[in-house]
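A.B. asks: Prediction below, plus the sequence it came from.
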Amino acid sequence: MGVIGKLDTYQRRHRWLGLPIAVIYKFVDDQGTYLASLITYYGFLSLFPLLLIFTTVLGFMLHGHPALQHELISSALGQFPVIGDQLTDTAHPLHGSGTGLVIGILVALYGGLGFSVAIQNAFNQVWAVPMTRRPDLVVARLRGLALLGVLCIGVLVTTGLAGLTTWAGDYGPEWDLALRAGATVLAVIVNGVLLVLAFRVLTARHLTVRQVLPGAVVAALAWQVLQSLGTLLVGHELRGTSQVYGLFGLVLGLLAWIYLEALVVVFAAELNAVRSERLWPRALLALTPLVGNDELTHADRRSYRSYATAQRYKDFEEITVEFDPPTERDRRP
């Protein structure tokens, strides 16, 4: 049977190994890296203008109060890896700009709606929603506006939690660790709730909380880890070169961080779909043309069938999927 054959047999019988392998297989089948790249592109277009809007509004509202400006920037925007140090640099105080505000709003709206549509496309691809059931451009953008509203509320909550961790040291060392731990737990809960809402609202099929909760929990925990280690993973590597490459290194670092976050979201959605639709175990060689027809599992067949039926563009279009019977060459000796 060989090493691969024994490993295949083992993972088919043990969920703790077969389920992660199936998630990876489906991620590859759905071209998850391309889905994450599209989310990253629009996420970057919306993040920078939103930060511009935030700093511009603070420049208008807190003009003449530089200390309060710095305190808010340090607690809220200082949590962003890579770009946080640039935003909290007191050598560049904030100034209100009407032109910057208008440009920021327009670009943020474009990027934000594109960001929401990219996420909807990814979720519908993951859940194999037929093209005929996916929302049109108008409905997709209306859902995107609803998502942006929910995300704004989440940003306000997480900003307050970030400020709590920033000011934790003022209450003494005995409260410092407790407040930071509590704020971290609350941040994970808030992110988990937001992800549950996003998974349900942005997928063009009815999903229950039970179906999306595992992926939301995993993604919320991974988000918190990336948020905590983002500066170490990305910002620290670019800090020494930022003086040479300037904005080029800053943009690349921020893109890398957003891409990691997008990968987490796509993987979490894949986990929900594989678990809910029971798309495991998969044959280890299912991704190669060398596998025989008889070696495919039921999960392989369900997966390939869903990929085909997801391309149904009209309600009156019928798509059926059949597999050839195994030949002598396909059968194992």
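C.D. replies: Looks like it came in fine.
A.B. asks: shaky segments in the stretch 101-250 of the chain?
C.D. replies: 101, 104, 152-176, 230-250 (pLDDT under 70).
A.B. asks: need the helices for it, in chain order.
C.D. replies: For the stretch 101-250 of the chain, the helices defined by DSSP state H, counting those that start in this stretch cover 137-166, 173-201, 209-230, 236-239, 242-245, 247-277.
A.B. asks: could I get those as CSV with distance to residue 109 and mean neighbour count?
C.D. replies: C-beta coordinates here come from the backbone N, C-alpha and C atoms, glycine included. Below are the helices of the stretch 101-250 of the chain laid out as CSV (distance: least, C-beta to C-beta, whole Å; neighbours: other C-beta atoms under 10 Å):
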stretch, distance to residue 109, mean neighbour count
helix 137-166, 9, 16
helix 173-201, 19, 17
helix 209-230, 24, 18
helix 236-239, 29, 15
helix 242-245, 30, 11
helix 247-277, 18, 21
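A.B. asks: Residue 17 is nearest to which of the ones you listed?
C.D. replies: Closest approach to residue 17 among these (C-beta to C-beta): helix 247-277, 13.3 Å.
A.B. asks: who does the closest one touch, helix- and strand-wise?
C.D. replies: Helix 247-277 sits against helix 15-29, helix 32-61, helix 98-126, helix 173-201, helix 209-230, helix 236-239, with contacts defined as 3 or more C-beta pairs under 8 Å, 6 or more residues apart in numbering; DSSP states H and E.
A.B. asks: Please tabulate those helices in TSV, including the columns distance to residue 305.
C.D. replies: Below are the helices and strands packed on helix 247-277 laid out as TSV (distance: least, C-beta to C-beta, whole Å):
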stretch	distance to residue 305
helix 15-29	12
helix 32-61	19
helix 98-126	15
helix 173-201	23
helix 209-230	20
helix 236-239	44
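A.B. asks: Looking at those helices, spot the one closest to residue 275.
C.D. replies: Between the helices and strands packed on helix 247-277, helix 209-230 lies closest to residue 275; by C-beta to C-beta that is 6.1 Å.
A.B. asks: how far away is residue 273 from residue 128?
C.D. replies: The spacing between residue 273 and residue 128, counted by C-beta to C-beta, to the nearest Å, is 8 Å.
A.B. asks: what residues are up against the nearest residue in space to residue 212 that is not next to it in sequence?
C.D. replies: Using C-beta to C-beta, 6 or more residues apart in numbering and skipping the chain neighbours, the partner closest in space to residue 212 is residue 199 (3.9 Å). By C-beta atoms under 8 Å, 6 or more residues apart in numbering, the contact list for residue 199 reads 123, 207, 212, 215, 216, 268, 269, 272.
A.B. asks: how much space between residue 199 and residue 295?
C.D. replies: Distance, residue 199 to residue 295, using C-beta to C-beta: 33 Å.
A.B. asks: Next: residue 99.
C.D. replies: Distance from residue 99 to residue 295, by C-beta to C-beta: 63 Å.
A.B. asks: do residue 114 as well
C.D. replies: Residue 114 is 41 Å from residue 295, by C-beta to C-beta.
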